[in-house]
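Enquirer: Here is my input, please return the structure:
(4 chains)
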Number of protein chains: 2
Amino acid sequence: MNIGDVANCSGLPAKTIRYYEEIGLVQPLRSANGYRTFRESDVHRLAFLGRARALGFTIEDCRSLLKLYADTDRASAEVKQIAEEHLERIDRKIAELTEMRATLAHLVDACAGDQRPDCPILADLATAQEEDCH
Amino acid sequence: MNIGDVANCSGLPAKTIRYYEEIGLVQPLRSANGYRTFRESDVHRLAFLGRARALGFTIEDCRSLLKLYADTDRASAEVKQIAEEHLERIDRKIAELTEMRATLAHLVDACAGDQRPDCPILADLATAQEEDCH
DNA sequence: ATTGACCTTCCAGCAGGTGGAACCCCTATC
DNA sequence: GATAGGGGTTCCACCTGCTGGAAGGTCAAT
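Expert: Numbers count the residues shown, from 1 in each chain, chains lettered A, B, ... in the order given. As a prediction, this is how the structure comes out:
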């Protein structure tokens, strides 16, 4: 299988697949003309990567997960730990965004959004935390 | 005011302040020895930036917001539009993360997390979307 | 004179790709 | 045989928003 076919069926852009090879996540063979040749196992790895990335795992997480996946003697605890840490990262991110959202929604709500210059959004950005410097 | 003082009272690292100067968000003066000298207005701009960044606005948003802030003839509608677009970005991001979270939490829940190799997390990553390539 | 805390510039790197240039390969068609 | 098209290849630069570090200048106090 050439890279274009793999891109088609894995959903990953060819560029990304090349990048994954570059950083050692997948090692396709090469045919005589220099083209990458992907085995079923390579395609499988790429599908795995696509799915893991879609769940937001970092590339390093993916690397660990692939290693564990290949190791049939792994303890599921190791996998679970990676997933749990990622879950916590996601929760922290959601909390952060939710807080931003609340503040921002409040400001947007207070802003008339007309031709007049008065704007609570700018006012807030300009005046918040003035206590730091006298 | 030197950069260290500004860093202290704005909460922004000195590195970040230099970076903001480099990309033209703030233009401190220079004293004879080459040190950056920040006026009250510069400090104010930096505080504005810190606050806007904390709300998740991009640097380009910040640039626009600062321009609008400086223009006393602005229409609040322009500000509101930037904020609303950002709010939508945040909402999309939250939705994305929430979906990830749900899937991941489900998988983590199903995983025993013990010494045995059986792992629903890996199983899911390995088998999802197999229909793309026969 | 020297120490230590400032400040300066410049260069490299992070994550995770993406875009583009310049070029090779393969098949089909005229 | 020339050419057009649709693959593929490499390499290099760029994106966001900083951050770290090296190498060096400055300033106040000892």
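Enquirer: how near is residue A:125 to DNA strand C?
Expert: 25 Å (Cβ to the nearest atom of the strand, to the nearest Å). Using the backbone N, CA and C atoms, a C-beta is placed for each residue, glycine as well.
Enquirer: show me the contacts for that residue.
Expert: Counting by Cβ atoms under 8 Å, 6 or more residues apart in numbering or on different chains, residue A:125 touches B:48, B:51-52, B:55, B:65, B:69.
Enquirer: Let's see that with 6 Å instead.
Expert: Counting by Cβ atoms under 6 Å, 6 or more residues apart in numbering or on different chains, residue A:125 makes contact with B:48, B:51-52.
Enquirer: of the residues you listed, list those near chain A.
Expert: Near chain A, judged by Cβ under 6 Å from any Cβ of the partner chain, the entries from the contacts of residue A:125 are B:48, B:51-52.
Enquirer: So the residue positioned nearest the centre of chain A versus residue A:82, what's the distance?
Expert: Residue closest to the average C-alpha location in chain A (Cα atoms, centre = their mean): residue A:56, at 4.0 Å. Counting by Cβ to Cβ, to the nearest Å, the gap from residue A:56 to residue A:82 is 12 Å.
Enquirer: what's the next secondary structure element after the longest helix anywhere in chain A?
Expert: Ordering each helix of chain A by length in residues (DSSP state H) puts helix A:76-110 first. Moving toward the C-terminus from helix A:76-110, the first helix or strand encountered (DSSP states H and E) is helix A:120-127.
Enquirer: That next one and DNA strand D in contact?
Expert: No - using Cβ under 7 Å from any atom of the strand, helix A:120-127 stays clear of DNA strand D, coming no nearer than 14.3 Å.
Enquirer: Around DNA strand D, which positions in chain A sit nearby?
Expert: Residues of chain A lying near DNA strand D (Cβ under 7 Å from any atom of the strand): A:2-5, A:7, A:14, A:18, A:34-36.
Enquirer: Can you tell me the number of residues neighbouring whatever residue of chain A ends up closest to DNA strand D?
Expert: Scanning chain A for the residue nearest DNA strand D gives residue A:4, at 2.3 Å (criterion: Cβ to the nearest atom of the strand). As a burial measure, residue A:4 scores 11 neighbours (other Cβ atoms under 10 Å in any protein chain shown).
Enquirer: go on, residue A:63?
Expert: 16.
Enquirer: From residue B:92, how far off is the closest residue to it other than its chain neighbours?
Expert: Distance criterion Cβ to Cβ, 6 or more residues apart in numbering or on different chains; nearest residue to residue A:63, sequence neighbours excluded, is residue A:25 at 6.5 Å. Distance, residue A:25 to residue B:92, by Cβ to Cβ: 28 Å.
Enquirer: out of these two, which sits in the busier spot?
Expert: residue A:25 (17 against 10).
Enquirer: Now do residue A:36 against residue A:23, distance only.
Expert: Taken as Cβ to Cβ, the span from residue A:36 to residue A:23 is 15 Å.
Enquirer: Tell me which of these two has more neighbours.
Expert: residue A:36 (19 against 11).
Enquirer: Tell me the bridge partners for the more buried one.
Expert: Using DSSP bridges, the bridge partners assigned to residue A:36 are residue A:30.
Enquirer: tell me the two of the residues of chain A next to DNA strand D that are most distant?
Expert: The span of the residues of chain A next to DNA strand D, defined through Cβ to Cβ, is set by A:7 and A:34 at 17.5 Å.
Enquirer: Looking at those two, which is more packed in?
Expert: Using other Cβ under 10 Å as the criterion, residue A:7 and residue A:34 rank with residue A:7 on top: 19 against 6.
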